[in-house]
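K.L.:
pasted the sequence and its predicted model underneath.
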Amino acid sequence: MKRIDQFHVNILTMSMKKQGFLLHPLLHSGNLVEDRLRTRLAPYGIQPRQARVLAALNRMGPVSQVELAREFHISAASMSTMSSRLIAAKLISRKPNEETARSNVLTLTDEGRKMLMEIHQAWHDMDQIIVEALGAERAELFGKMALELRNSLGGRTPGGKRVKIEDEESA
């Protein structure tokens with residue numbers, strides 16, 4: 001890692017005193033929105049990340065538990081725990097993979113598909129909170145910028161297409 005000389009440390013320190021870190025309000029806003037989403041989904045007994053898994057299963061169709069864990073960048077054990085909870089809630093089903101007996105395939109159930117309607121309404125409600133806070137035009141810009149940030153950091157929608165980021169030389 002490159003050492004920063006004292007001059008640059010002083011500039012960074014003065015700059016941070018004036019404006020603060022970009023990261024902190026982003027993380028705090030994300031936590032506040034997720035807390036509101038958690039409250040909104042609570043009557044259905046589902047957590048925000050579980051809602052995202054259901055949406056991914058809807059997009060991807062039947063998929064191995066291992067592949068789904070990979071899509072969400074979580075451990076197989078964490079996905080197994082989440083899957084077990086969603087199975088207990090009758091929102092997904094798990095069957096042995098016909099091709100590889102050592103893995104399981106997860107599928108969205110009819111109850112899971114019905115739950116997606118509630119999830120989509122909750123997500124719409126969260127979008128409305130953002131629009132009310134920022135105004136429609138700025139909320140749209142914020143959404144586009146958040147998407148651009150996610151994509152440039154190598155993120156993507158689980159089960160979605162990988163977005164090719166062009167390097168600066170070819171742009």
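P.N.:
Thanks, I have the structure now. Numbering: from 1, shown residues only.

K.L.:
how about Ala76: what's its closest non-neighbour residue?
P.N.:
Ala69 (4.9 Å; C-beta to C-beta, 6 or more residues apart in numbering). The C-beta positions use only the backbone N, C-alpha and C, and glycine is treated the same way.

K.L.:
who's in contact with that neighbour?
P.N.:
Ser75, Ala76, Ser78, Met79 (C-beta atoms under 8 Å, 6 or more residues apart in numbering).

K.L.:
all helices of the protein, in order?
P.N.:
6-19, 23-41, 48-60, 65-71, 76-88, 110-134, 136-152 (DSSP state H).

K.L.:
Gly154 and Glu98, how far apart?
P.N.:
32 Å (C-beta to C-beta, to the nearest Å).

K.L.:
typed the wrong thing, it's Gly61
P.N.:
For Gly61, the distance to Glu98 equals 14 Å [C-beta to C-beta].

K.L.:
more neighbours, these two?
P.N.:
The residue with more neighbours, out of Gly61 and Glu98, is Gly61; 11 against 7, by other C-beta atoms under 10 Å.

K.L.:
look up the pLDDT of Ser103 for me, please.
P.N.:
pLDDT for Ser103: 77.

K.L.:
no, scratch that, I was asking about Met14
P.N.:
60.

K.L.:
which residues does Arg38 contact?
P.N.:
Gln47, Pro48.

K.L.:
can you check the pLDDT for it?
P.N.:
Predicted confidence (pLDDT) for Arg38: 97.

K.L.:
same thing with Ala88?
P.N.:
96.

K.L.:
and for Met1?
P.N.:
pLDDT at Met1 comes out at 46.

K.L.:
about what we covered before: of the contacts of Ala69, closest to Ala56?
P.N.:
Nearest to Ala56 among the contacts of Ala69: Met79, at 11.0 Å, using C-beta to C-beta.

K.L.:
gap between Met115 and Lys90?
P.N.:
10 Å.

K.L.:
between these two, who's got more neighbours?
P.N.:
Comparing Met115 with Lys90 by other C-beta under 10 Å, the one with more neighbours is Met115, at 26 against 12.

K.L.:
quick one: low-confidence residue ranges for this structure.
P.N.:
By pLDDT under 70, the weakly predicted segments of the chain are 1-5, 7-19, 101, 161-171.

K.L.:
output stretch 36-52 as PDB, restricted to C-alpha atoms.
P.N.:
What follows is stretch 36-52, C-alpha atoms only, in PDB (Å, rounded to 0.1, in the frame of the first residue of the first chain):
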ATOM      1  CA  ARG A  36     -38.000   0.600   7.600                       C
ATOM      2  CA  LEU A  37     -38.200  -2.300   5.100                       C
ATOM      3  CA  ARG A  38     -37.700  -4.800   7.900                       C
ATOM      4  CA  THR A  39     -40.600  -3.200   9.800                       C
ATOM      5  CA  ARG A  40     -42.700  -3.100   6.600                       C
ATOM      6  CA  LEU A  41     -42.100  -6.900   6.000                       C
ATOM      7  CA  ALA A  42     -42.500  -7.900   9.600                       C
ATOM      8  CA  PRO A  43     -46.200  -8.800   9.300                       C
ATOM      9  CA  TYR A  44     -45.300 -11.400   6.700                       C
ATOM     10  CA  GLY A  45     -42.500 -13.000   8.900                       C
ATOM     11  CA  ILE A  46     -39.800 -12.300   6.300                       C
ATOM     12  CA  GLN A  47     -36.600 -10.400   6.400                       C
ATOM     13  CA  PRO A  48     -35.200  -8.000   3.700                       C
ATOM     14  CA  ARG A  49     -32.500 -10.500   2.600                       C
ATOM     15  CA  GLN A  50     -35.000 -13.300   2.500                       C
ATOM     16  CA  ALA A  51     -37.100 -11.200   0.200                       C
ATOM     17  CA  ARG A  52     -34.200 -10.700  -2.100                       C
END
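
K.L.:
alright, I will stop here.
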